[in-house]
Structures are given as C-alpha cells and as structure tokens.
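K.L.:
Give me a model of this one.
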Amino acid sequence: MIAFLSDRANAVTALGILSSGAAIGLVARGHQEAGIALGLWAIIADDVDGEIARRTKNRTAATKAIGKALDAFADLIFGSIIPAIVIASFISSPASAVFTALLSLVGALRLAYFDYFGLDDRGYSTGLPLSYALPVLAAILLVDHTLAPLELGIVLPAVFVPLSLFHIAPFKIKASGTLVHVLTIGVAATASAGLLITSRAGQ
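P.N.:
This is a model prediction of the structure:
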C-alpha cells in the first residue's frame, strides 16, 4: 500500500492528509486558529496534486484509483470534518453534535455526487466546492480578531448552515482552470498567514 505513495501526486495528497490530521489535533487541544491555518495548506495540497497527476505520464490504473480515493478522503477532512470540529468547539449547547453530524453528512454526499458526475466539459461542478468552507471560517475568525469581536457560537452556525446547503445545491460553479487554481492557492496561503499573525498578536 505504501508503495502507491511513491507517486508524486499521491505523495502530495498524503501530505495534505497529514496536515489535516495535525490540524484536527491542534483544534482538539484548543488551538483553533493554528488548526485552521494548517488545514488551509491541505487545500493547497489538494489543488496542486491534481495538476501533478495531469502532468505525470504512465500512471497505472491502480495508482490513479488509489489517488482518487485518497483525494476524496482529503476533501472530506478539510472540507467538512475540520470546520465541523472547529465550529462545534464554539457551541456550548448539545446542538453542537447535531451540527457536526450535518456537516459530515453534507460533505460525504457532496463528494459521493462529485465522484460519479465530476466536472462537466466546461470545468463546472454542481454545488459549492467543499474547499470554500475553511477559507470562510478563517475569514470569520480574522474579522473576530481584527475588526470586532463576534458571538461565534451564533455567527458560525448562522453562516455554515446555509453554506452547507450550497454544497449540495443544484447550481453550477467554475471549479477548474488556471485562474481558479491561482485564486485558491492565494486565498488559502493568505488566510493561513493572517490567522497565525493575528493569533500570535492576541497572545
């Protein structure tokens, strides 16, 4: 099994999963900002691994299939699991468990649908990609740290309930192309740096 990680694209995907796993560990210890900042790098890895896969010649069918499965697993972690755990940590009521379950189900459903239908011939996908969730969460925390304190236990569910529905909504959105990749990497890297800087400044 480990031999399949020698493929460059799969290796980058694995690095993203490691980042996500470490992010979950940080969030579990109460370091939400650092966890999100690390999770954002999993999004960058997810964006890069596809390009590497397209440029790598003579990948076997097994390597491609395992890479595809790893990629879906990585998407579920950074797109649903990390946001769900972070948001639940700010909700004091038992509703946090319901919210975590909702985000997990929506993420799994979105990925299962995408696994079958994928992108259309114009590079559009159905519903909002899961990669939007962590940057939105990072933006809310940056506002909380720099502009005005927010009641995160209320604001986060109010934002992420409709956002989760957008993930499975029947509209088309551009999800591939050079501009999309550049924006994704730029936003993730900037948000990660911003969270680390503001969290340290607040200590």
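
K.L.:
mind listing what I24 touches?
P.N.:
G35, I77, I81, I82, I85 (CB atoms under 8 Å, 6 or more residues apart in numbering). All C-beta spots, glycine's among them, are computed from the backbone N, C-alpha and C.

K.L.:
quick one, strands of this structure?
P.N.:
124-126, 172-174 (DSSP state E).

K.L.:
I'd like these laid out as TSV, including mean pLDDT.
P.N.:
Formatted as TSV, those follow (pLDDT from 0 to 100):
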stretch	mean pLDDT
strand 124-126	93
strand 172-174	93
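
K.L.:
Centre of the protein to the edge, which residue is at the far end?
P.N.:
Distance from the centre of the chain peaks at N58, with 29.0 Å (CA atoms, centre = their mean).

K.L.:
Distance of it relative to K64?
P.N.:
11 Å (CB to CB, to the nearest Å).

K.L.:
Could you find the closest non-adjacent residue to S125?
P.N.:
In this structure, S125 finds its nearest non-sequential neighbour in A175, 4.1 Å apart by CB to CB, 6 or more residues apart in numbering.

K.L.:
Any idea how many residues pack against L142?
P.N.:
Neighbours of L142 under the rule other CB atoms under 10 Å: 19.

K.L.:
close enough to count as contact, it and S192?
P.N.:
No: the pair L142 and S192 does not pass the contact test of CB atoms under 8 Å, sitting 10.8 Å apart.

K.L.:
Residue ranges in this structure under the pLDDT threshold?
P.N.:
200-203 (pLDDT under 70).

K.L.:
Nearest residue to I36 in space, ignoring adjacent ones along the chain?
P.N.:
Closest to I36 by CB to CB, 6+ apart is A138, at 5.3 Å.

K.L.:
right, and the one you found touches A189 too?
P.N.:
No: with contacts counted by CB under 8 Å, A138 stays clear of A189, the gap being 11.1 Å.

K.L.:
Overlap of the contact sets of those two?
P.N.:
With CB under 8 Å, 6+ apart, A138 and A189 have common neighbours L40.

K.L.:
what about the two, which has more around it?
P.N.:
A138 (24 against 14).

K.L.:
what sits against that one?
P.N.:
I36, A37, L40, A191, S192, G194, L195 are the contacts of A138 under CB under 8 Å, 6+ apart.

K.L.:
Can you list the residue ranges for helices in this protein?
P.N.:
Ranges of helices in the chain, per DSSP state H, are 8-28, 32-55, 61-76, 82-89, 95-117, 133-146, 152-167, 178-201.

K.L.:
neighbouring contacts of the fourth one?
P.N.:
The contact list for helix 82-89, computed with CB under 8 Å, 6+ apart, reads 20, 23-24, 27-28, 30, 32, 35-36, 39, 96-97, 99-100, 103-104, 133-134, 137, 156-157, 160.

K.L.:
Any chance of a PyMOL selection covering the buried ones in these?
P.N.:
Burial among those is assessed by 16 or more other CB atoms under 10 Å; the matching PyMOL selection reads:
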select buried, resi 20+23+24+27+32+35+36+39+96+99+100+103+104+133+134+137+156+157+160
